[in-house]
Structure formats: C-alpha cells, structure tokens
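Peer 1: just coords:
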C-alpha cells in the first residue's frame, strides 16, 4: 500500500469498498450498517458476544396445537399489536409438542444476527417462534414484566421493516408487540431460545 505517511491509493480502496457495498446490500445489511457506524466512531465494530452470553433457567413446556388467534387469547394480554395474527405469522407443525425453552441475553449491545449465531454455535439452541413465545407468556405471565422477551425465530415485514414478536409489560399490564430485527438489542432484552 505504499509508505506509512502516504495517502491511500484509490486502487487499494476499490476492492474493500465494493465488498462493503455488497455486504450492506445483502440480507445481513442492517448488521453490517450497525458495525460500519461503530467503526466510523472508532468503537469496536464486532463485539465478541460469546463471552457475554448469559442464560436463565430452562423451562419445560407442552405446546398444544392451536391457531395463532387462540394462542394469543390464552395469554390474556392487555395489548396485542394488530399485525400479530395468523396471516403475518403462521403456525407450523414443528411449533407444537414438548419443548425446553430458555431465555438468553448478552451483557453488550448485540444484533439479531449475533444472537442467533451464538445460540446455534455456542449453546446448541435455536431462536423461539411466535407460538413458542406465546406458550411461554401464557405459562409464565410475570416474566415479561421483568424484561422484554423476543422471539427471533418468527418474523414478517411490516411497513418495509423486518419485525419480530416481543412480550413486554409493566406492573399493571402485559403486552404482545413487535420489535425490529435490524439495529441492536441492549442488555435489558431477553431472547427466548429452544433447546435442539
């Protein structure tokens, strides 16, 4: 690349710049964009989330076969986002039966991609679906009052953005809402995972 004090030659930049552009335009573009913004602020762009991965007690749940509408009703939520329905989030045969569910979280800002990768690679887990999240919320209604719980195993595009179901709440209410796949998740979020 030339001398230490020399400027970077355009020919040396074209390859990495093209690579970055294609990554920003890919399905993982939001994750790359978040890392690029961190890099430009001279922050650590790619955190090592493995050492910051935490998990809670594993919960055994039997999920009955039912519709999304029935599962939402069984949870007795005070508020439900209208976009969470059987049209946008479909139930699948694999959503039902006996499951081992465990909330996991990170002590650092993490992207959805970080979370899914670490679940699968480090812990032999997969992200929970909407139906698994609803069963968890029904059986353990007070957990969502402590922290928001995300199901990264189900998503749909609402108003041009990939959205994922989220249980949250406060002392006096419980909500079933949506969060955005892209961007970052702070340490206060829990991600419901399923043991493989």
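Peer 2: That came through fine. Owing to the predicted nature of the structure, the values given are computational and were not obtained by experimental measurement. Numbers count the residues shown, from 1 in each chain.
Peer 1: how about the helices in the protein?
Peer 2: 10-24, 29-40, 68-75, 112-123, 130-139, 143-146 (DSSP state H).
Peer 1: ranking those by burial, who's on top?
Peer 2: helix 130-139 (a mean of 25; mean count of other C-beta atoms under 10 Å). C-beta: built from backbone N, CA, C; applies to glycine.
Peer 1: helices or strands up against that one?
Peer 2: For helix 130-139, the contact count by 3 or more C-beta pairs under 8 Å, 6 or more residues apart in numbering; DSSP states H and E identifies strand 59-63, helix 68-75, strand 97-106, helix 143-146, strand 149-150, strand 161-169, strand 174-180, strand 190-195 as packing neighbours.
Peer 1: isn't residue 145 up against residue 169?
Peer 2: Yes: taking C-beta atoms under 8 Å as the definition, residue 145 is a contact partner of residue 169 at 4.7 Å.
Peer 1: domain assignment for this structure?
Peer 2: Taking automatic domain parsing as the criterion, the chain consists of the domains 1-45, 50-195.
Peer 1: residue ranges with poor pLDDT in this structure?
Peer 2: Filtered on pLDDT under 70, the chain yields the residue ranges 1-6, 27-28, 30-31, 43-53.
Peer 1: distance to residue 88 added to the helices of the chain, as JSON lines?
Peer 2: Listed next are those as JSON lines, based on distance: least, C-beta to C-beta, whole Å:
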{"stretch": "helix 10-24", "distance to residue 88": "27"}
{"stretch": "helix 29-40", "distance to residue 88": "20"}
{"stretch": "helix 68-75", "distance to residue 88": "9"}
{"stretch": "helix 112-123", "distance to residue 88": "18"}
{"stretch": "helix 130-139", "distance to residue 88": "9"}
{"stretch": "helix 143-146", "distance to residue 88": "20"}
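Peer 1: closest to residue 153 out of the ones you listed?
Peer 2: Set against residue 153 and scored by C-beta to C-beta, the helices of the chain come closest in helix 130-139, at 7.2 Å.
Peer 1: okay, the angle between the closest one and strand 161-169?
Peer 2: Using axes from the mean of the first three to the mean of the last three C-alpha atoms, to 10 degrees, the inter-axis angle of helix 130-139 relative to strand 161-169 is 10 degrees.
Peer 1: what angle sits between helix 130-139 and strand 97-106?
Peer 2: Going by the same axes, to 10 degrees, helix 130-139 makes 90 degrees with strand 97-106.
Peer 1: list the contacts for the nearest residue to residue 103 once chain neighbours are set aside?
Peer 2: Using C-beta to C-beta, 6 or more residues apart in numbering and skipping residues adjacent in sequence, the residue nearest residue 103 is residue 190, 4.0 Å away. Remark: with contacts taken as C-beta atoms under 8 Å, 6 or more residues apart in numbering, residue 190 is in contact with 56, 103-105, 143, 147-150.
Peer 1: ok, residue 190 to residue 153 distance?
Peer 2: 14 Å (C-beta to C-beta, to the nearest Å).
Peer 1: likewise for residue 101?
Peer 2: Using C-beta to C-beta, one obtains 11 Å as the distance from residue 101 to residue 153.
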